[in-house]
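Q: pasted the sequence and its predicted model underneath.
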Amino acid sequence: MKLRKLFTCALLLITSIILGQYNYEPSDTFPFGKANPEAPKQLKDFQPLIGECNCKSISRKQDRSWADPVDMIWKWEYIMNGMAVQDKTLKADGKHSGSIRQFIADSSRWYVHYYSSGAPSTTLSTWEGNKNKDGNIVLYRDNTASNGTLGWFRLTFYDITKKGYKWVGEWVDKAEKITYPTWKIECIRNEN
């Protein structure tokens, strides 16, 4: 009987140690996970977005006019035991997408790896950038315009509050004097 109690205590101790190593993952108590205190402090750049929002996604049509808004749920959570952030979208039009966001301390930049059900790829697109002095999160990826002009596709999270946030995807020239928005999203936090 003493051996059985000793074995049970040892098993409970080992289980608590193993589970304790992963206490920043999503759980019943923290459905979107938590930031790991060992992660770079910049991980908290995305903290106001963690959770779930109801959003309207609007993109440009081929004729350059804006399409009708598409309802979307945008869900954000901490992953990799609170060392990174993942977001995923569920859109009413069936074009779902997501990203894995890691801050690389050696380069002092965010790297965002994007994937989409509408355009599966063997290699994920990558944006990089930072939070700016205005509190916006701005990310870039090289992109040449249809007329051959070199530039970037720039993604910006802005108007970030406890109630929600806005996002815009736009082509910009290298001097960032010419901008052409192609996709806009407005989100309101889902309190459920």
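A: That came through fine. Since we're looking at a predicted model, the values are computed, not measured.
Q: OK, contacts around Pro40?
A: Phe103, Ala105 (C-beta atoms under 8 Å, 6 or more residues apart in numbering). Placement of C-beta: from N, CA and C, glycine included.
Q: what pLDDT does the model give it?
A: At Pro40, the model reports a pLDDT of 94.
Q: again with Leu11
A: For Leu11, the pLDDT comes out at 49.
Q: Ala145 too?
A: Looking at Ala145, its pLDDT stands at 87.
Q: for Glu191, same thing?
A: At Glu191, the pLDDT recorded in the model is 75.
Q: how about Ala119?
A: Listed pLDDT for Ala119 reads 86.
Q: next one: it from Val85, what distance?
A: 22 Å (C-beta to C-beta, to the nearest Å).
Q: more neighbours: the two, which one.
A: Comparing Ala119 with Val85 by other C-beta atoms under 10 Å, the one with more neighbours is Val85, at 28 against 10.
Q: following element in sequence after the lowest-mean-pLDDT helix or strand in the chain, please.
A: When each helix and strand of the chain is scored by mean pLDDT, DSSP states H and E, helix 2-20 comes last, with a mean of 51. Note on helix 2-20: by DSSP states H and E, the next helix or strand toward the C-terminus is strand 51-59.
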